[in-house]
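next come a sequence and a model predicted from it.
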Amino acid sequence: MILWHLAGTVFLFRWIFRDPNADLRYVALGGLLSDLIDKPIGVILFSDAFGTGRVFGHTLGFAVLVMTVGMVATSRGTAARRKMITVSAGVLFHLLLDGMWSMPETLFWPLFGTEFPRFGGDYWGGFLGRIFSSPLTLVQEAAGFLYLLSLSVGAGLSRPSARRRLYTEGRIVIEEPVE
């Protein structure tokens, strides 16, 4: 659910923090980081051992680790620290958007044991079937697409200067209607 996580994370960050100078590239990275780590580990590389796409990156411990590394490795008041904070906020929003409270064995790993709950069946074989048979997933992806589309239109990303600002600074500026 790429669009759901990408859009949901950006939406939540913009709504909660209301920081027009935040680098949304790092927010987006944080929103996708759990899946970027866990899908290859749990489904591709070690599918026999884990059998799920929700392993270490979907734990609260991982979110705390990202924040801790960011605090230890950067200096107060620097751009690097701001970026690490936005990445860790994105990771936390990803856990929220995945509804990880319903999987306490994963969210609070290893407090309830060292095993991750396995996904039943062949992950990739049933991937498209799960996406298209789940109304919730379709609604979430559609909502993500519509939010990103509205954000793009509102920020005027059809203009080269607005796209350049997004690509180089990670910022978008919503144009206010002229009266």
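That came in fine, so what should we check first? Numbers count the residues shown, from 1 in each chain.

helix or strand next in line after the worst-scoring helix or strand of the chain on mean pLDDT, which one?
Lowest on mean pLDDT, DSSP states H and E among the helices and strands of the chain sits helix 127-133, with a mean of 61. Beyond helix 127-133 on the C-terminal side, the first helix or strand identified by DSSP states H and E is helix 135-154.

ok, the nearest residue to residue 104 once chain neighbours are set aside to residue 98 distance?
Spatial nearest neighbour of residue 104, excluding adjacent residues (CB to CB, 6 or more residues apart in numbering): residue 112 at 6.3 Å. C-beta here means a position set from N, CA and C on the backbone, and glycine is covered the same way. Distance, residue 112 to residue 98, using CB to CB, to the nearest Å: 17 Å.

and the two? Which one has more around it.
Applying other CB atoms under 10 Å to residue 112 and residue 98 shows that residue 98 carries more neighbours, namely 20 against 12.

need the pLDDT of the more buried one.
In this prediction, residue 98 carries a pLDDT score of 92.

which residue packs closest to it, ignoring adjacent ones?
residue 58 (6.6 Å).

which element is the residue most central in space within the chain on?
Here the mean C-alpha position of the chain is nearest to the C-alpha of residue 31 (CA atoms, centre = their mean), at a distance of 1.4 Å. Secondary structure assignment for residue 31, by DSSP H and E: helix 24-38.

could I get the buried residue list for that helix?
24-35, 37-38 (16 or more other CB atoms under 10 Å).

swap in stretch 106-121?
Quick answer for stretch 106-121 (16+ other CB under 10 Å): 106, 107, 109, 116, 117, 119.

would you map the helices across this protein?
2-17, 24-38, 60-73, 79-97, 104-107, 127-133, 135-154, 160-169 (DSSP state H).

hey, least reliable of the ones you listed by pLDDT?
When I compare these, helix 127-133 is least confident, with a mean of 61.

on that earlier part again, quick one: which of the helices of the chain is nearest residue 48?
Distances from residue 48 to each of those were compared using CB to CB; the minimum, 15.5 Å, belongs to helix 24-38.
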